[in-house]
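Chemist: Quick one, fold the following:
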Amino acid sequence: MSDIKAEVCGPTSDIRADIAFFTKEIGFQMDMIYPADDPQVAVFSGHGVSLRLDQGSDAAPVKLRLRCSMPDETGGIGTQIAPGGTQVEITEMHEPLVLPQTLHSFVVRRLADQAPWVVGRAGMHYRDLIPDRLGGSIIASHIRIPDGGPVPDMVHHHTVGFQLIFCYRGWVDLVYEDQGEPFRLHAGNCVIQPPEIRHRVLFASDNIEVIEIGVPAEHVTTIDHEMALPNATFNPEREFQGQKFVHHKADEAEWRDFRLSGFVSRDTFIAQNTRDVAGVHVVKRGSGAPKWAAHDSDIHFTFVMDGTMTLEGEGRDPHQLQAGDAFVTPPSMMTRYSDASEDLELLEVSLPGVFKTWVGDPK
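Modeler: Take a look at the predicted model:
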């Protein structure tokens, strides 16, 4: 197979001045120039790109973006204009993690509303569980893969503040950086994907369904073309930006009294492994009568996995909920989970992991 080399091509109005600019200020090297007596074309290379500038071209100027681990070495963050018109934008090497302020709202999303399933990364189908995404602070997705088998995924990582994968139906095979051999995530179990941990989805059962929570709603996914998984290092206690990998298994969990009367829960211990960034509980019907209560959690999301219940909200009409429905309750809003069926099972996700709950009556 013949060698192939790509070039970014653009015009220049002053090729001589550009030579000095790109070689002395931006750190490129000049690879080619012609004709010798009256240069019209110069080719530069550096920082992983080849740039071809043509003084006889009538094309629009190009924009060259340089991602730098030390931006000050190339002039600092911002945009510079080369003498010949090429824009050179200097940015940070990695896209910054921006956590928008939460826009609190009361949200109810029903499966029966038939929200569209959108085909996303690796052919997976996504259903949005929080349409307004609380101002961009969170995304909650119901994800399914209708046909099981190998998943066309690559080793990648996410620039996130928090990310949860809860297996709702079926099973999926996963592999994570520093966590050993691939393993099977069964229904009822979950993992958190700490910030920038490399991972890959390998194989899925037919009709696999997962609930994925990501903070913030819009975050960068980066493909890692160098790392192969499983990798040689085994370090399950490693922290990724202060968070440890967690694989919660339902059959090893203990059911305890929940923060809301009339219910019990199994704690995934995600709060203590994320330094209280987020908490995740699986909740089911217990003994006693449900009471009105409120919380001070910044983000409080619940997905109905099985059974039925009535969600009562202060100043709101009651909502009859069933499996596949989801809701968000804002801070200080009084709510009550009533008429819970015996098989009710909820997935509760909160940010932060520990928050206050108080009992009272709606105004």
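
Chemist: From here on, just use CA atoms for contacts and neighbour counts.
Modeler: Noted.

Chemist: Residue 150 - how many residues pack around it?
Modeler: A count of neighbours around residue 150, defined by other CA atoms under 10 Å, yields 13.

Chemist: Name the residues of stretch 207-221 that come out as buried.
Modeler: 208-219 (16 or more other CA atoms under 10 Å).

Chemist: and residue 267, what does it touch?
Modeler: Contact partners of residue 267, counting by CA atoms under 8 Å, 6 or more residues apart in numbering, are 253-255, 280-282.

Chemist: got it, and residue 225?
Modeler: Under the criterion of CA under 8 Å, 6+ apart, the neighbours of residue 225 are residue 155.

Chemist: Compute the distance between it and residue 153, please.
Modeler: Distance from residue 225 to residue 153, counting by CA to CA, to the nearest Å: 12 Å.

Chemist: Strands of the stretch 1-150 of the chain, start to end?
Modeler: In chain order, the stretch 1-150 of the chain shows strands spanning 8-11, 29-34, 41-46, 49-54, 63-68, 78-81, 87-92, 107-109, 118-119, 125-128, 139-145, 149-150, with DSSP state E, counting those that start in this stretch as the criterion.

Chemist: Any chance of JSON lines for the buried residues of stretch 207-221, columns pLDDT?
Modeler: Formatted as JSON lines, the entries for those read as follows, by pLDDT from 0 to 100:
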{"residue": "208", "pLDDT": "95"}
{"residue": "209", "pLDDT": "96"}
{"residue": "210", "pLDDT": "97"}
{"residue": "211", "pLDDT": "98"}
{"residue": "212", "pLDDT": "96"}
{"residue": "213", "pLDDT": "97"}
{"residue": "214", "pLDDT": "97"}
{"residue": "215", "pLDDT": "97"}
{"residue": "216", "pLDDT": "96"}
{"residue": "217", "pLDDT": "95"}
{"residue": "218", "pLDDT": "92"}
{"residue": "219", "pLDDT": "91"}
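
Chemist: Looking at those residues, spot the one nearest residue 73.
Modeler: Lowest distance from residue 73 to the buried residues of stretch 207-221 (CA to CA) belongs to residue 219, with 27.4 Å.

Chemist: ok, the closest one touching residue 158?
Modeler: Yes. With contacts counted by CA atoms under 8 Å, residue 219 reaches residue 158, the gap being 6.9 Å.

Chemist: what does the lowest-mean-pLDDT helix or strand in the chain contact?
Modeler: Within the chain, no helix or strand scores below strand 118-119, which has a mean of 84 by mean pLDDT, DSSP states H and E. Counting by CA under 8 Å, 6+ apart, strand 118-119 makes contact with 125-127, all of which sit outside it.
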